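K.L.:
need coordinates for the below:
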Amino acid sequence: MQRKKHGEHNQSKSLWNYTLSPGWTVEEVKILKLALQKFGIGKWKSIINSECLPDKSIGQIYIQTQRMIGQQSLGDFMGLQIDMEKVWYENYIKTNVMRKNGCVINTGDNPNKEERKKRIEENRAKFSISQEEIAKIKLPRYKNDCIAKYFTLGEIENDKFTTLEKLNHCENLDYEISKKLRKIRGE
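P.N.:
Reported below is the predicted structural model:
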């Protein structure tokens, strides 16, 4: 049996740009991108509290964020609201770097506070999105299953939801009503 070279394990071409971690849908990744742009990388509790990804843990969000920017360490981006495609592309074209699961990994010493702050400011200048773009971001909201599973038609029709959210909530409501009608009919 031939032994793999150092760094060769876990190298899968399918793990590049926006590849889903287990348990993620394409729609959830799009929502995560918006949430990261709205709140900033590292603002995990704000993302969780926004209820835009109700079934995701901080750990799941962190791992998917790594995949989205193509970099294992997120420290140089903490708090930043960035264009993740630009960061991913810059990481993608890097040569002579170590990668794990398609993500660039750090092989040097950890930066001190001053160096970290300098890197964050460089990344802010290079990758930040405008406040106008951030202001336009609308995140979907889903009710927590513990409180109520579905919105009423009246709640769906108000102006608090985007068109996509309204469609999703109407489909959920339609499904539940159909299921209850089948049960009543004895089907």
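K.L.:
what about Asn101, how many residues nearby?
P.N.:
19 (other Cβ atoms under 10 Å). Heads up, the C-betas are built off the backbone N, CA and C, glycines and all.
K.L.:
mind listing what's buried along the top helix by length along the chain?
P.N.:
Longest helix in the chain by number of residues, with DSSP state H as the criterion: helix 163-185. Across helix 163-185, burial judged by 16 or more other Cβ atoms under 10 Å covers Glu165, Lys166, Asn168, His169, Asn172, Leu173.
K.L.:
C-alpha coordinates for it, PDB please?
P.N.:
Provided in PDB are the C-alpha atoms of helix 163-185 (Å, rounded to 0.1, in the frame of the first residue of the first chain):
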ATOM      1  CA  THR A 163     -40.700  38.000  -1.100                       C
ATOM      2  CA  LEU A 164     -38.500  34.900  -0.800                       C
ATOM      3  CA  GLU A 165     -39.400  34.600   2.900                       C
ATOM      4  CA  LYS A 166     -43.100  35.000   2.200                       C
ATOM      5  CA  LEU A 167     -42.900  32.200  -0.400                       C
ATOM      6  CA  ASN A 168     -41.000  29.900   1.900                       C
ATOM      7  CA  HIS A 169     -43.400  30.500   4.800                       C
ATOM      8  CA  CYS A 170     -46.500  30.100   2.500                       C
ATOM      9  CA  GLU A 171     -45.100  26.700   1.300                       C
ATOM     10  CA  ASN A 172     -44.500  25.600   4.900                       C
ATOM     11  CA  LEU A 173     -48.100  26.600   5.800                       C
ATOM     12  CA  ASP A 174     -49.500  24.900   2.700                       C
ATOM     13  CA  TYR A 175     -47.700  21.700   3.600                       C
ATOM     14  CA  GLU A 176     -48.900  21.700   7.200                       C
ATOM     15  CA  ILE A 177     -52.500  22.500   6.200                       C
ATOM     16  CA  SER A 178     -52.400  19.700   3.500                       C
ATOM     17  CA  LYS A 179     -51.000  17.300   6.100                       C
ATOM     18  CA  LYS A 180     -53.800  18.100   8.600                       C
ATOM     19  CA  LEU A 181     -56.500  17.800   5.900                       C
ATOM     20  CA  ARG A 182     -55.200  14.300   4.900                       C
ATOM     21  CA  LYS A 183     -55.300  13.300   8.500                       C
ATOM     22  CA  ILE A 184     -58.900  14.500   8.900                       C
ATOM     23  CA  ARG A 185     -59.900  12.700   5.700                       C
END
